[in-house]
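**Student:** One predicted model, sequence on top.
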Amino acid sequence: MSLARVTVTHRRLLHVRTADGREAVARPARRELSIVCGDFVHFELDERHDELNVVAVEPRSSALYRTNARGGSELIAANLSLLLVVAAPRPQPDFFVVDRYLCAAQCAGVAAAVVLNKSELAIDADIERELANYSAAGYRCLRVSALQQAAMAALSALLPQQTAMLVGQSGVGKSSLLRQLVPDSEATIGELIRDDEGRHTTTATRLYQLPGGGEIIDSPGVRDFAPAIDRLTGSDLGFPEIEALAPRCRFADCRHLREPDCAVRAAIGAGFSERRYESYRRLRRLYERLSAERLAGGERRRR
Ligand SMILES: Nc1nc2c(ncn2[C@@H]2O[C@H](COP(=O)(O)OP(=O)(O)O)[C@@H](O)[C@H]2O)c(=O)[nH]1
Ligand SMILES: [Mg+2]
Ligand SMILES: [Zn+2]
């Protein structure tokens, strides 16, 4: 049995990088094995198929989940150290989506940064205000442009030692950033997983090694994203500015919704933005609905 790194997952097919640096096609040996990009796995050689059989997954240092269409939690990547939430002046950014990714990072216990790509374009006042709010909340904000090597420095400097993942709305430039960061990405992919028509698939999540050290994962474009909030352990939904104010609320378990003497609500418009508060309320409601459903499900099972 040998150890390998999962670099691509596409339905039940995997790519793994073995100790000699080569990529090989692999399959999970058992149906119940859940394996994602970034996983460290143990494999055995499959003599007949010239494929590798993944027999076990190493414990994960972190795990990023989303809520899938059926309302369940779905693992999307493992062993990340940094989530890069990408936005751009075009397409029109939806900062509620950015907040949901920041929440997912918080749930995973992974650091997150907001990356404004296409920064060579005109940035309107609304976007500037949102970035200022993220900075004030304590999130690192970077301005980059995938069109200009020189405008990539802030991001490149952050990546050695990290396992970072690019996420964000479709069209913000995740894959373009990746091509700037990993210039020979097409070459290193080698013999890719192909779809039924034999074309190289673009729907897979894929891990690359950065030339300057570290790793980066590109993920396919999404129209929307919901974190899997049932994975949350503390109360922080990814709003450090709220957590900073919370000790000043009258009640230690204040949810900052309708409680009296709430320091968070008192600071709206002064300490932090109304839009971020609205985002918090939406995530809080989602969290409470999922928690209630889970509790009800648990009680049904006990009866
Ligand atoms: N002006 C400008 N366009 C960019 C930049 N980065 C990417 N694009 C364009 O944005 C579009 C979407 O890029 P892509 O990398 O496919 O986005 P993804 O869906 O997030 O992977 C493409 O037409 C890119 O050429 C940038 O920094 N500036
Ligand atoms: Mg892409
Ligand atoms: Zn409060």
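**Tutor:** Perfect, I can see it now. Residues are numbered from 1 along each chain as shown. Ligands and ions are numbered 1, 2, ... in the order given.
**Student:** pLDDT below threshold where in the chain?
**Tutor:** Residue ranges of the chain with pLDDT under 70: 187-203, 232-234, 298-303.
**Student:** Kindly report the residues of it close to ligand 3.
**Tutor:** Within the chain, the residues that sit near ligand 3 (Cβ under 5 Å from the ion) are Cys249, Cys254, His256, Cys262, Val264. Every C-beta, even on glycine, is put in place using the N, C-alpha and C of the backbone.
**Student:** go with 8 Å
**Tutor:** Listed as neighbours of ligand 3 in the chain under the rule Cβ under 8 Å from the ion: 245-246, 249-251, 254-256, 259, 261-265.
**Student:** Quick check: can you list the domain ranges of this protein?
**Tutor:** The record's domain parsing of the chain by automatic domain parsing lists 2-57, 63-218, 234-302.
**Student:** Let me know the helix or strand that Arg282 is in.
**Tutor:** Under the criterion of DSSP states H and E, Arg282 resides in helix 274-302.
**Student:** Give the other helices and strands that that helix contacts.
**Tutor:** Counting contacts by 3 or more Cβ pairs under 8 Å, 6 or more residues apart in numbering; DSSP states H and E, helix 274-302 packs against helix 95-108, helix 125-137, helix 240-245.
**Student:** In CSV, list the ones you listed along with mean neighbour count and distance to ligand 2.
**Tutor:** Formatted as CSV, the helices and strands packed on helix 274-302 follow (neighbours: other Cβ atoms under 10 Å; distance: least, Cβ to the ion, whole Å):
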stretch, mean neighbour count, distance to ligand 2
helix 95-108, 24, 15
helix 125-137, 16, 21
helix 240-245, 19, 29
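**Student:** out of the ones you listed, nearest to Gly221?
**Tutor:** helix 95-108 (11.7 Å; Cβ to Cβ).
**Student:** What separation is there between whatever residue of the stretch 51-200 of the chain ends up closest to ligand 3 and Leu3?
**Tutor:** Evaluated by Cβ to the ion, the stretch 51-200 of the chain has Ala137 as its residue closest to ligand 3, separated by 16.3 Å. Per Cβ to Cβ, to the nearest Å, Ala137 is found 39 Å from Leu3.
**Student:** What residues sit buried inside the helix holding Arg282?
**Tutor:** Arg275, Arg276, Tyr277, Ser279, Tyr280, Leu283, Arg284, Leu286, Tyr287, Leu290 (16 or more other Cβ atoms under 10 Å).
**Student:** Could you check the angle that helix makes with helix 125-137?
**Tutor:** Counting by axes from the mean of the first three to the mean of the last three Cα atoms, to 10 degrees, helix 274-302 lies at 60 degrees to helix 125-137.
**Student:** so how far is helix 274-302 off the chain centroid?
**Tutor:** Here helix 274-302 is found 20 Å from its chain centre; the criterion is Cα atoms, centre = their mean, to the nearest Å.
**Student:** ok, whichever residue of the stretch 101-250 of the chain sits closest to ligand 3 - how many residues close by?
**Tutor:** Closest approach between the stretch 101-250 of the chain and ligand 3, counting by Cβ to the ion: Cys249, at 3.3 Å. Close neighbours of Cys249, defined as other Cβ atoms under 10 Å, add up to 20.
**Student:** now swap in the one 4 residues further on and tell me
**Tutor:** Around Asp253 there are 8 other residues, counting by other Cβ under 10 Å.
**Student:** Assign a three-state SS to it, would you?
**Tutor:** Three-state call for Asp253 (DSSP: H, G, I helix; E, B strand; the rest coil): coil.
**Student:** Can you tell me how far it is from Val115?
**Tutor:** Computed as Cβ to Cβ, the Asp253 to Val115 distance reads 35 Å.
**Student:** what do you get for Gly138?
**Tutor:** Distance of Gly138 to Val115, given as Cβ to Cβ: 16 Å.
**Student:** who has more neighbours, the two?
**Tutor:** When Gly138 and Val115 are compared on other Cβ under 10 Å, the one with more neighbours turns out to be Val115, at 28 against 10.
**Student:** Provide the secondary structure category for that one.
**Tutor:** Here Val115 is recorded as strand under three-state DSSP.
**Student:** Ser61 and Gln106: what is the separation?
**Tutor:** In terms of Cβ to Cβ, Ser61 sits 16 Å off from Gln106.
**Student:** near ligand 1, anything from stretch 153-160?
**Tutor:** No. Applying Cβ under 6 Å from any ligand atom, one finds stretch 153-160 separated from ligand 1 by no less than 11.2 Å.
**Student:** Buried residues, that stretch. List them.
**Tutor:** So, applying 16+ other Cβ under 10 Å, buried residues of stretch 153-160: Leu155, Ser156, Leu158, Leu159.
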